[in-house]
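Colleague: Sequence and predicted structure are below.
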Amino acid sequence: MSESSRYQPQAIERQWQQRWSDDQLHQTPDAGSHTYMALSMFPYPSGNLHMGHVRNYVITDVIARVARMRGHQVLHPMGWDAFGLPAENAAIERGVDPGAWTDQNIAAMREQLQRLGLSIDWDREITTCHADYYRWTQWLFLQFLDAGLAYQKDATVNWDPVDQTVLANEQVDGEGRSWRSGAVVEKRQLRQWFLKITAYADQLLDDLEGLVGWPERVRTMQANWIGRSRGAEISFPVVDAAGNDSDKQITVFTTRADTLHGVSYVVLAPEHGLVERLTTPDQALAVAAFRDLVSAQSEQERTAEDKPKRGIPIGARVRNPASGELVPVWIADYVLAEYGTGAVMGVPAHDQRDFVFARQYELPVRQVVIPEGSDEHAFEGGAWCGDGILIHSGRFDGLSSASAREAIVAAAEQEGWGRGRTTFRLRDWLISRQRYWGCPIPVVHCDSCGVVPVPAEQLPVELPRGVALEGRGGSPLAQLESWVTVPCPRCGKPARRETDTMDTFICSSWYYLRYSDPHNTSLPFSRESVDRWLPVNQYVGGIEHAILHLLYARFFTKVLRDRGLLGFDEPFQRLLTQGMVQGITYRNPHSGRYIAPADVADPSDPRDPESGERLDTFYEKMSKSKHNGVDPAVVIDRYGADTARMFILFKAPPEKDLEWDDADVEGQYRFLQRLWRLVDGALQRELSLAGLAPGAAALAPADLTPGERELRRAVHGAIAAVSDDLQGEFQFNTAVAELMKLSNAMGEHLEAASPPLAVEALHTLLLLLAPFAPHLAEELWSRLGAPGSVHQQPWPQADPAALVRDTIPLVIQVKGKVRGNLEVPADADKATLERLALGSDIAAKWLEGRAPSRVIVVPGKLVNLVP
RNA sequence: GCGCCCGUAGCCCAAUCGGUAGCAGGCAGGUCACUUAAAAUGACUCCAGUGCGGGUUCGAAUCCCGCCGGGCGCACCA
């Protein structure tokens, strides 16, 4: 018979990848309604596959493979988020063509990806920077334009001085830094294109509730970002010097209409449009100086919470529409022009910021709400910001805050000085970018006709090639006069193309839809295809897109639904946010320098190779600058893709961070070798899966030896456990552990087992292994003579009969403490268990003859005797 | 400041409804076997009482309260 052999992944992996590709094993079926779409967030083609990618795609691959074995028609595609600044920067630095550079990177990365043995349907690959894709990005933009959801406006926007372009709010972090370049953004006044995402704010928020397959924290992050706040707008008429109402008024937004009678001043944002018109001549100079001061501050300085609040009265006064009282108008740096109405009412008694401000400028503090059940609240520490009962509020006295808010809004609406209103923190999405390597915005500016959309049949508006990129700022396209000047599509007179390109997040807001119909040349996708495959059953990607991409994609889906292009509300049914891959990191605590692990002689006592200083050791996200990265290609070269896959899946639960550890990789490699030897041993015995009729289920349990029964229990226990780990929450780490357990049990019992049982065990092992280590499973499947591909087999079913035990160890507790075990029949009822327990030596010893006052019986588990 | 998540052996991690904390699994360590030796392999094995303090319960890693430590989000949003 065959000689024993060694597991050599390098020899088998490429061969199977080729075979699968030749056999079109991963092609998406076009018939059937039992569809399943498994999707990874597509990568930016940097040219280098890193471990984070590997983790992402391996997780999705296992999900796709299991779905296939469970009988679904599976769509598991891949594509490239291929517009973006790295290509343009490479062009500027090295003079290469961004398109060619990107295509090269894609080729390199595709090659690396294919080495992982992913079951991707490459026929559906999409690339966002290719005209056959971005043509439809432009087409969709025109849909937004047509729906009134795309518009231009002058606005204060975030300018990234490093990347030389504007950014959306979502792309600036809490410290005011660009998500890409890390540079602190500047504020600029520019005319820009926006998408009206705020029109969908309510839906985007409300529908989060239905996304039960999403991690709670992603949903909260989005809810926070959208930031709905229900309140009221109240208008304060501006009065003239004599105290009579003028035709002007200041409208404030408040969530605390109940505190209206406590207003002691009204504050405008320094940038508010009314400031100039309302400032009295005697205050004009001071106001101008103050506004200069404020505008000189960065956003960050201005919004720091601990910063003292500064303000100045502008001389005007307004009348409180509820009390008739006249109060002064101020401007202050703590009021933001962009939020609400850019104006607030100052209620020092009931708002901490107003309180601080009032103390500083000696403005009156008037209490109009008292905590329920108390008298007056002392204002030593600050404002009373909770709800309570109204006082000093005229006709609203005695109402609770909640009912007062309603009553005051009702009165305001009736009397015409206010109304209920909801505001959002969410801003419209700024999508213009002053860069070259992006999707051109398909509009033309005509002196006679204004903004004219490029007619759909003229799409794509192709990105001109051979543009000189110098990185000097300003839209590179604007310098290409021959491209810019076009006849107006409407009147034919000379007009100018829009020279900004779109935010690349637009491209990624709909790519998942295109996979359903990637070669469609008359539409971005057909309604039939998109409704057949989408929404995505399982989406997998990094948490860093919790707000950005995931919010934009949800917005797009809703708009396209309203345009009749698709028939669902949400794009991603379930979302798995995988954790980071971290590498061991050494840093010299004095110099702050990162030391590559290869330069650390003794990991148990890490020293700086130059100075000999002791190094700090920790795990951090892999990155070039920290020298803590592990190259997937190196791991695959050494151990094979299956080992890399198994390690990544086993080392940590998918949503947790994973600490890369070479020793553990080695351990996984050993496990796969054990499997190989296990099968090798079976081949020595001339066992075969050729007939594939295990027939073990037909064997009466009574005919089995104890070892065989143990083996069957292990086999079917593993089926049950792995199946369970792979549905609902994905617990790949415990699923792999179950495989190890099974292999351990097989190591123990396989040799002594009769052929049908051994065959059943081997068969099952390979089926369960297939999604995790697809090459090895296929190779062993083939070596055992089984027909076809292991990847086209149905997922195994556990036989409940195999799991049944005759006796179980019953735990005897006395007063909740474990005192011993008793072997009892597995099917014994409560009364029997109680009798057995009470009659046991354990009970006799610990109860010392007393009868228990209480007996708790948990069938199949334990009996607790309480004296 | 507000909200969410996490804390179990030296390390990574398990533990349906609250029901024997690990014959879940792995890494590292130790002993032994095989070997001339080593590697590889196999067998056995050491190690925690679940961050801390209370509470509920017959019984708490699991539920509740308060702390400590770590991570994340939001934060002058009216």
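Modeller: In hand now; what should we look at? Numbers count the residues shown, from 1 in each chain, chains lettered A, B, ... in the order given.
Colleague: only C-alpha atoms for contact and neighbour calcs from this point on.
Modeller: OK.
Colleague: Domain-wise, how is chain A divided?
Modeller: A:32-128+A:508-578, A:139-196+A:428-504, A:228-424, A:581-642, A:671-803, A:807-866 (automatic domain parsing).
Colleague: quick one: low-confidence ranges for the stretch 551-700 of chain A?
Modeller: A:692-700 (pLDDT under 70).
Colleague: Spatially central, which residue of chain A would that be?
Modeller: Nearest residue to the geometric centre of chain A (C-alpha atoms, centre = their mean): A:A546, 3.4 Å.
Colleague: Now do the same for the nearest residue to that one once chain neighbours are set aside: helix, strand or coil?
Modeller: Using C-alpha to C-alpha, 6 or more residues apart in numbering and skipping the chain neighbours, the partner closest in space to A:A546 is A:V218 (5.4 Å). At A:V218 the chain is in helix, as set by DSSP: H, G, I helix; E, B strand; the rest coil.
Colleague: Count the neighbours of A:V218 for me.
Modeller: 19 (other C-alpha atoms under 10 Å).
Colleague: got a pLDDT number for it?
Modeller: In this prediction, A:V218 carries a pLDDT score of 88.
Colleague: next one: the one 3 residues further on
Modeller: The pLDDT attached to A:M221 in the predicted structure is 85.
Colleague: what's the neighbour count on it?
Modeller: Using other C-alpha under 10 Å: A:M221 sits among 13 other residues.
Colleague: mind checking how far the helix or strand hosting it is from the chain centre?
Modeller: Per DSSP states H and E, A:M221 falls inside helix A:216-226. Here the centre of helix A:216-226 is set off from its chain's centre by 10 Å, with C-alpha atoms, centre = their mean, to the nearest Å.
Colleague: now stretch A:645-657
Modeller: The answer for stretch A:645-657 is 18 Å, by C-alpha atoms, centre = their mean.
Colleague: still on that earlier bit, looking at the domains of chain A, which is nearest to A:V212?
Modeller: domain A:32-128+A:508-578 (7.6 Å; C-alpha to C-alpha).
Colleague: what pairs with the residue of chain A found nearest RNA strand B across the strands?
Modeller: Nearest residue of chain A to RNA strand B (C-alpha to the nearest atom of the strand) works out as A:T254 at 2.6 Å. Bridge pairing for A:T254 (DSSP bridges) gives the partners A:A232.
Colleague: Quick one: neighbours of it, just the number.
Modeller: So A:T254, with other C-alpha under 10 Å, has 25 neighbours.
Colleague: do the same with the one 4 residues further on
Modeller: A:D258 sits with 27 neighbouring residues when counted by other C-alpha under 10 Å.
Colleague: Touching, it and A:I408? I think so.
Modeller: Yes: contact between A:D258 and A:I408 holds when scored by C-alpha atoms under 8 Å: they sit 6.8 Å apart.
Colleague: Check what pLDDT the residue of chain A closest to RNA strand B gets.
Modeller: pLDDT, read off for A:T254, is 92.
Colleague: Spell out which residues sit in contact with it, please.
Modeller: By C-alpha atoms under 8 Å, 6 or more residues apart in numbering, the residues touching A:T254 are A:231-234, A:344-345.
Colleague: So which residues make contact with stretch A:66-76?
Modeller: Stretch A:66-76 has contacts (C-alpha under 8 Å, 6+ apart) with A:28-29, A:31-39, A:61, A:64, A:119-121, A:533, A:726, A:771, A:791-795.
Colleague: Buried ones only from the residues you listed, please, as a ChimeraX command.
Modeller: A single ChimeraX command selects the buried members of the contacts of stretch A:66-76 (16 or more other C-alpha atoms under 10 Å):
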select /A:28,35,36,37,38,39,61,64,119,120,121,533,726,771,791,795
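Colleague: Next, count neighbours for the closest residue to A:D333 other than its chain neighbours.
Modeller: Spatially, and ignoring its direct neighbours in sequence, A:D333 is nearest to A:R310 (5.9 Å; C-alpha to C-alpha, 6+ apart). As a burial measure, A:R310 scores 14 neighbours (other C-alpha under 10 Å).
Colleague: Helix, strand, or coil at A:G474?
Modeller: Taking three-state DSSP, the label given to A:G474 is coil.
Colleague: What of A:L575?
Modeller: strand.
Colleague: try A:V267
Modeller: strand.
Colleague: quick one: least confident helix or strand in chain A?
Modeller: Here the helix or strand of chain A ranked lowest by mean pLDDT, DSSP states H and E is helix A:299-303, holding a mean of 59.
Colleague: and after that helix, which helix or strand comes next?
Modeller: strand A:311-319.
Colleague: picking up where we left off before, right, and the residue nearest to A:A546 touches A:E544 too?
Modeller: No: with contact defined as C-alpha under 8 Å, A:V218 does not reach A:E544; the gap is 9.8 Å.
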